[in-house]
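Peer 1: structure of the sequence below:
(2 chains)
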Amino acid sequence: MSSQGNDTSSANAPPHDDRESIPRLLITPPSLTPTSILPPSISQPTLAVNLENVSNGIIKAIDYSNSTPDQLLSSGPKLSVVSSESSEYGVRSPISQEEYENLTDHFTDEYDDNDNTEDNEELQNLISDIIRYEHSHSINLDHNNKLMSESSYLDFNIFPNHDSITDELEYYNKYIKLSKTNNEEEFHDKLKHFFIFSMAGKPIYSFNGADELVMGYAGILTTIISTFEENINEEIKSITVGDNLKIVAINRNPLVLVSISSISYELMSFSKNDVGLEIPDDTEQEIKDTDNDHTLRNNQDLILINQLNTLYNYLLSILSKPVIEKNFMNRMNYDLRRILTSLDFDNIDALCMRLSYGLPITEEIENNLLDTSSFDFFISELLDSSIQSIKITNTTRTRLNKILLASKKLKVKQQQISSTETGSTAGTISSYFPSVGGSTLVEEKFLGDDLLFSLLATSHNNKILSYMKPKNHSLSNDDLKLLLNVIHSSQNSLDYTEDLWIPLCLPNFNPNGFLYVFVKQINLSDYFKSGIVVQPLTIILISSNKNSFYQMQEISNYIIYMIIKDEAVLNTLAQELINSSRLSIIKDINVPSIKHFIYKSKKCNQFIMNDLIHFNNDRSMNSLLQLVYFYSVLHNTKAVKIKSRLKSTYNQSTSSNNQTSSSSSFQNKKLTYAKWTLQDNSVTGFMLADNEYEFYCLSNSSIKSNDLINHSLKIIKWCEKNQKRLFFGSGVVF
Amino acid sequence: MSDATPNTNRFAQFKLVLLGESAVGKSSIVHRFVKNTFDDMRESTIGAAFLTQSINLPESNTTIKFEIWDTAGQERYKSLAPMYYRNANAALCVYDITSRSSFNKAQEWIKELKRQATEGIVIALVGNKLDLEENREVDQQEVEEYIVQQSAEDDGNQIITSECSAKNGDGVLDIFNSIGRALPVDEVINAAANRGRPAGSRQQGGIDLARARRQQAAAANSCC
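Peer 2: Residues are numbered from 1 along each chain as shown, chains lettered A, B, ... in the order given. Sure thing, here's the model as predicted:
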């Protein structure tokens, strides 16, 4: 159809005129709205906008007039974005890659040196235009907004559904649920596969399928990979089969990890810009010009590559690099499973499920998932390994930080008698048992000499309250995530009677050696006569010395003592933990029209979100899968940096209260607006980001544009105001 | 765990380590002993877990507190084992009565303990999963023969043998009671008393973080 020509021509037209007016929509051709080509019961392709174009007064909706409905159906509701320089869908869209590049080059050249700034009002104008457009063009909006809980994840075509299953559980059992049987048909039904095998083709792990079944595939895949390596001298990265299947491999000699996916949101591509990597403006242009094709391909596979790296990191964390290499050095066909335990396989299963769907591994998927840590994990992974925080007051956090710091500085007075014994400290902590000691003291020593990192976290969902690190080292978010994951898996049955001592390799810290992790849980409820139930805390002490268990144990005793010794302090902590165990959008921020949000602070790469119960009034698998999909789309949809600043263009914006904001923080502002429409229901998604934060939220379609913006900004403001309460930041340094 | 004076109730503390092949039920035995619980789905231990539990020996009016190291059975943690048994006063070498290989592994541990551990360490050879009698692979007679052969070496190490079921609890407490009786309680208490500090007393001000180490030291010293 003619959309291609029109889009291009309007884009190429000098945008100066448009800038003088309020941004308006140029939809070409207006009659060809997405709704007009889709069966009404199918979710409608979403319109998303990126600000670069918008700032020039051009919003282009990509229509599917030259795709067949079949194509559309096959990969779910296609969210298309005009600016999809790296978007798979964009490439297939009416705008060709080349044209697109011309287009963006043009815009950036034109506006780079304009001194503009954005503000709410402008955002509001943008969104209201988009929404007005939607209202005037779509048939089913605003008629009856049923509760979202009545919609099923299957309605959104997140997953291919060839046999049109309408029962959520039936679909889950057939296509999603883990299956280790030898049934070939069952195996092929699954939407997601993970394999780990050795370079020699020996299977080590498979997400689905029994050994006998996997053996053959492992052989084929290793053959393909090694053929590429030997003959073309190039590492194979990914194979795309048609539109709906992708195979991605990473080679971590002597191991190969492969993922096969036909999940729509995993086949999306996303750009480096979107994951918070800072690229200086001028170099970005270069990348676009010279390296575009290459980056494009890499980015398209990034979601799956990241997943495989997470699995590989798990193996490193329990085995360390040298152990893996040494075993294979001796024998190429070594069976790595010999040194893995059933717990490891369970953990990898759980990781795969979390990475792909945000779901826990359970025999029966319950309607109400009390443990949403799998969803937390998914979002963390999606947001570039961002760590989820828990809200406590800055006073309390500072107090806890101080306790950790003080515990590091504890001195022990070594007694003569202990010198005959190696490895354990016979001594007393002088700082809080001053009377103990006597005359046999010989030397003073720091108890925590080997202590590198200390963490206080909540036990149920492993959210960090307080963190201590050395001046010159820190743990990467990937390492922290790995650590919390291993601890979570090893404290299945909540247990206050045991202290754990876990050798763990943190690959980003040092892939070649182990650290030793002391883990102890404190049941705060035990210290209340009143019978208050507080979620337990976990003390995590990371030492560089494998013989330092007793020292760590004493440090942990000190930490507990310090936490419980002052009743007022303990009460405050308990109360705050109770209040913040699940963040409520209504109670805490009072923005009821927004059902769910995520706020990520880019500076510390930590995020916070509200309890998922507010989205659908439940914590069901159905709601969870919808959230996983919506946020994946919002996140992975390409939104290019805005180079133009609009302050000078729009006079009305000067009246806004935001004008004093530093222009630098607005420099990279971008937004994505998305809408998923069913016949009788719809969901609105909104993403707003700048240098400081990424904000994502979901609401139902009845929300007015003003409210969407105002409420989003209200949440953002609330998060900014509560920064110190919401995030533990970089922790306390010794 | 109330405070006590040496006259009415004696108190001693000992370090105990569990060793044995993966999945023989070391953690299950410990949890039966410490918490009187059993979890069929128990996951394998990563690294090691540290627990404590006390028993009373009425005949000698003694409370014995065990500091227990429950170690992971996997091969990949083997290099860490010495740090757990190095100062141990007692060791449980656990095997699964339905698995011959686990019995062989337990014998290897005994060998290693005799070579490397503190002299005089009390060793218990424990067959777990007695509830799976129908699948038994290791006969009691076989165990006896092994013990006879071991005592012929006359190296001063005594080996207690026992069978138990962590699942239904049979025999678990008996093992720890036998170990408690075999431990050099008097020596430890006397050694502590000679240093002018009653073995069973606690420091004022709450947690006594030092006692564990002191008593190990005492225990270790008393033997050499």
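Peer 1: find the nearest non-adjacent residue to A:Pro254, please.
Peer 2: Counting by C-beta to C-beta, 6 or more residues apart in numbering or on different chains, A:Pro254 lies nearest to A:Phe328, which is 3.9 Å off, once chain neighbours are set aside. Glycine gets a C-beta too; all of them are placed from N, C-alpha and C.
Peer 1: so the one you found belongs to a helix, correct?
Peer 2: Yes: applying DSSP: H, G, I helix; E, B strand; the rest coil, one finds A:Phe328 inside a helix.
Peer 1: shouldn't it be in contact with A:Arg338?
Peer 2: No: if you go by C-beta atoms under 8 Å, A:Phe328 and A:Arg338 don't touch, sitting 12.0 Å apart.
Peer 1: the two: who's more crowded?
Peer 2: A:Phe328 (19 against 10; other C-beta atoms under 10 Å in any protein chain shown).
Peer 1: show the pLDDT at the more buried one.
Peer 2: Note for A:Phe328: predicted pLDDT of 90.
Peer 1: which residues touch it?
Peer 2: Under the criterion of C-beta atoms under 8 Å, 6 or more residues apart in numbering or on different chains, the neighbours of A:Phe328 are A:198-199, A:254, A:334, A:336.
Peer 1: one more time with 7 Å, if that's ok
Peer 2: A:Phe328 makes contacts with A:198, A:254, A:334, as judged by C-beta atoms under 7 Å, 6 or more residues apart in numbering or on different chains.
Peer 1: by neighbours, which of those residues wins?
Peer 2: Per-residue neighbour counts (other C-beta under 10 Å) across these peak at A:Ser198, which has 22 neighbours.
Peer 1: quick check: that one vs A:Arg619, distance?
Peer 2: 40 Å (C-beta to C-beta, to the nearest Å).
Peer 1: likewise A:Ile260?
Peer 2: The spacing between A:Ile260 and A:Arg619, counted by C-beta to C-beta, is 29 Å.
Peer 1: then B:Gly73?
Peer 2: Distance check for B:Gly73 against A:Arg619: by C-beta to C-beta, it reads 37 Å.
Peer 1: repeat that for B:Ala12.
Peer 2: Separation of B:Ala12 from A:Arg619 (C-beta to C-beta): 51 Å.
Peer 1: so what's the closest residue to chain B within the stretch 601-734 of chain A closest to, chain neighbours aside?
Peer 2: Per C-beta to the nearest C-beta, A:Phe734 is where the stretch 601-734 of chain A lies closest to chain B, at 21.2 Å. Closest residue in space to A:Phe734, ignoring its immediate chain neighbours: A:Lys408 at 5.1 Å, by C-beta to C-beta, 6+ apart.
Peer 1: and A:Val256, what element?
Peer 2: Taking DSSP states H and E as the definition, A:Val256 sits inside strand A:255-261.
Peer 1: partners of that strand in the sheet?
Peer 2: Strand pairing for strand A:255-261, determined by DSSP bridges: strand A:192-198 (antiparallel), strand A:245-252 (antiparallel).
Peer 1: quick one: list the elements packing against the helix or strand following it.
Peer 2: Following strand A:255-261 in sequence order, the next helix or strand is helix A:264-267 (DSSP H and E). Judged by 3 or more C-beta pairs under 7 Å, 6 or more residues apart in numbering or on different chains; DSSP states H and E, helix A:264-267 is in contact with helix A:621-636.
Peer 1: got a list of contacts for the helix it packs on?
Peer 2: Contacts of helix A:621-636 (C-beta under 7 Å, 6+ apart): A:79, A:152-153, A:156, A:158, A:168, A:172, A:265, A:268, A:270, A:274, A:357-359, A:365, A:369, A:375, A:378-379, A:382, A:596, A:598, A:612, A:615-616, A:672, A:674, A:683, A:685, A:687, A:696, A:698.
Peer 1: and what of stretch B:170-181?
Peer 2: With contact meaning C-beta under 7 Å, 6+ apart, stretch B:170-181 is reached by B:29, B:32-33, B:55, B:57, B:64, B:66, B:90, B:92, B:122, B:124, B:126, B:130, B:160, B:162-166.
Peer 1: circling back: list the buried residues in the strand holding A:Val256.
Peer 2: By neighbour count on 16 or more other C-beta atoms under 10 Å in any protein chain shown, the buried set for strand A:255-261 is A:255-261.
Peer 1: relative to A:Val241, which of these is nearest.
Peer 2: Nearest to A:Val241 out of these is A:Ile260 (C-beta to C-beta; 9.0 Å).
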